[in-house]
Each structure stands twice: as C-alpha cells, then as structure tokens.
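1. give me the fold of what follows.
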Amino acid sequence: MPRANTKTKPLKATPKTARKTRSVAVKVRDSEQDSSSLSRMLSTLQLFTREHPVLSAEEIAKGAGVPTSTAYRYVKQLATAGLLVRWKGGYTLGPSIMELDLQIRECDPVIRAASEPMRALCAQTGLNALLTKLYGNKVMTVHIESTSDTGSLAYGRGRPLPLFRGSSSKAITAFLPAAKLRRLFEDGEAQGDEQLNDWESFHASMSNIRRQGFALSVGELNSGIEGISAPVFIESRQVVGSITLIGDAARMALLREEVVIEMVKAAAATVSSALQ
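-> The predicted structure follows:
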C-alpha cells in the first residue's frame, strides 16, 4: 500500500496576502515615525530655561536641530495643547504644564503613598523630607514635606540630581541591577564625571549601601547639609525612588544618627509595602 505523503507544501504568497503584509509594515513604520516625532516635539520644551524663558520658532529650530518649518509645526501643536503660549514675539511655557504638575502631585502612586509617612518624619524630627524618583536614567526630587524653608536647596523639586552624588541618588542607584549600574557608570565616566574613580571602588561603595539599606552624605549637594536616605521598592524589589531626611549640622547634632536612620528606613519600608 503506498505511503501517504505527509510533507506540507509551503504556502505561496498571494497578491492579497502580500498587500496585507506591506500594509502592516507601513503602519508599523508610520507608528514608529509618529512616536519619534512626538518625542522630538515634546523634548523642545526642555529648551526653555531660567536664562532663556522666551524663545522664537527660529531659536527652537536651532536648539532642537530641526528645520524652521518643523519648529513652526511643533510650536503650533504645542500651543494648541496649551503647553506653549505667545509672548512678545516668541513663545514661553503654557498653563497646561501647571495643570499636569497638579495632576502628578495628586495622581502619582508613589507621591500618594509617601506623603503621610514623610509628614510623620518631619513632625518627629523637625527635619525636611524629600521623595526622589527614578525616571529612566534621571533621578529627580518630586515631593517635599518641610518644617522650614527649602528654597536654598541646590536641587529642589523638579531639578534632576547627579546620579552619583547625594544620599537621595545613591539610595536609588545602589539598588539598580548590576548591568544597568555598570552602564550608568561607564556613561558617567565617558562624560568626565569627577565623582567616579575606578569601577571596583565604585561598585564596593554601592554594595556597602545595599548591605546597610541606606545612604548617608554630608555636603555633597548643599554645603553643610546632611542627608539620610533609604530606597523605595515596588514588586520584585525593583527600586523606584528614595525617602530622604535632610538637615544642617546643628539640627542633626540634636538627634541620634542611628535613630534617624532607622526612622527613614521604616518610612521607606512603609511606602514600599503600600506599593506592592
């Protein structure tokens, strides 16, 4: 009896399936281009600084490295969204940014979980408490609970911190996966970060912070200011931020350092538990 042929013949692409494949490819490419264009457009908002609060479309084009026609299109779309407004022949940041700022204060899960424990820390110690978060390769203070003026801080709310200076940053970077920490170290080294020596000593200092469960710094970001920080985690021990208590030498001298450290670690643990 002849054996049945069990081999499957390869399917031939029909004109219809070929057109469908091309259509999907075009949609994917267009989606990637739209995403890239949106990212470039939003990044132009970072061109506005205290030194340059008003920019013309031509200045935006130069700063963003895009044609003037593209800059005008960006400006039109950003102005429609309320992210830019006209001002004396140029443009400045618009009110929608303030609305978004309020939204993140009210909606960010980490800020919501951390606010009450931070207020308790302030009340118990008379010090100021900071919540710092990790965004990609940036570390930024996003919330402050204070008992005194914090306007003199070199890195207040919304200003990115150095990755490897200050207890707030160290309490985050020390708990990053080893491969990511190595990449950040190499990037910093390539950019001439003077805080970085050799990888071995840097890794040893980060490992020490991991073992202790906290970071401590004195005068690294603000002269005469001491910071004590502990990491905040979400599921699978993924670090997302840190809680920090800061104070000048006179205030810190009134408190037992080991007690303050345990208080900060307990507050960070409470926030981490709320985020699980």
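
2. residue 123: what secondary structure?
-> helix (DSSP: H, G, I helix; E, B strand; the rest coil).

3. what's downstream of the one helix or strand residue 69 maps to, the next helix or strand?
-> If you go by DSSP states H and E, residue 69 is part of helix 68-80. Reading on from helix 68-80 to the C-terminus, the next helix or strand found by DSSP H and E is strand 84-87.

4. ok, back up a step: got the buried residues for the helix holding residue 69?
-> Counting neighbours by 16 or more other C-beta atoms under 10 Å, one finds that the buried residues in helix 68-80 are 70-71, 74-75, 78. No exception for glycine: its C-beta is placed from N, CA and C like everyone else's.

5. what residue ranges in the chain score low on pLDDT?
-> Counting by pLDDT under 70, the chain contains low-confidence residues at 1-35, 149-152.

6. count the neighbours of residue 174 for me.
-> Residues lying near residue 174 (other C-beta atoms under 10 Å) number 25.

7. OK, contacts around it?
-> 181, 206-207, 209-210, 215, 231 (C-beta atoms under 8 Å, 6 or more residues apart in numbering).

8. switch the cut-off to 10 Å
-> Contacts for residue 174 (C-beta atoms under 10 Å, 6 or more residues apart in numbering) come out as 164, 181, 203, 205-215, 229, 231, 239, 242.

9. among these, which lie within strands?
-> In strands, defined here by DSSP state E, the members of the contacts of residue 174 are 215, 229, 231, 239, 242.

10. if I pick the last one, what's in contact with it?
-> By that I understand residue 242. 114, 130-134, 139, 141, 166-175, 214-215, 227, 229-232, 264, 268, 271 are the contacts of residue 242 under C-beta under 10 Å, 6+ apart.

11. one more time with 8 Å
-> Contacts of residue 242 were listed using C-beta under 8 Å, 6+ apart, and they are 131-132, 167-169, 171-172, 215, 229-232, 268.

12. okay, now the domains of this structure?
-> Residue ranges for the domains of the chain, per automatic domain parsing: 25-97, 109-274.

13. from the chain's centroid, how far away is the shortest one?
-> Offset of domain 25-97 from its chain centre (C-alpha atoms, centre = their mean, to the nearest Å): 21 Å.

14. same check, this time on the longest one
-> The gap between the average C-alpha position of domain 109-274 and the chain average comes to 13 Å, counting by C-alpha atoms, centre = their mean.

15. start and end of it, how far apart?
-> End-to-end span of domain 109-274 (C-alpha to C-alpha, to the nearest Å): 9 Å.

16. buried sites along stretch 214-226?
-> Buried residues in stretch 214-226, counted by 16+ other C-beta under 10 Å: 214-217, 220-222, 225-226.

17. so of the residues you listed, which two are at opposite extremes in space?
-> The largest separation in the buried residues of stretch 214-226, counting by C-beta to C-beta, is between 214 and 222 at 18.7 Å.

18. what about the strands in the stretch 151-276 of the chain?
-> 160-161, 215-218, 225-234, 238-248 (DSSP state E, counting those that start in this stretch).

19. no, scratch that, I was asking about the stretch 1-150 of the chain
-> Under DSSP E, counting those that start in this stretch, the stretch 1-150 of the chain gives strands at 84-87, 90-93, 128-135, 138-145.

20. for residue 157, which of those is the nearest?
-> The nearest among the strands of the stretch 1-150 of the chain, by C-beta to C-beta, is strand 138-145 at 5.1 Å.

21. much appreciated, bye for now.
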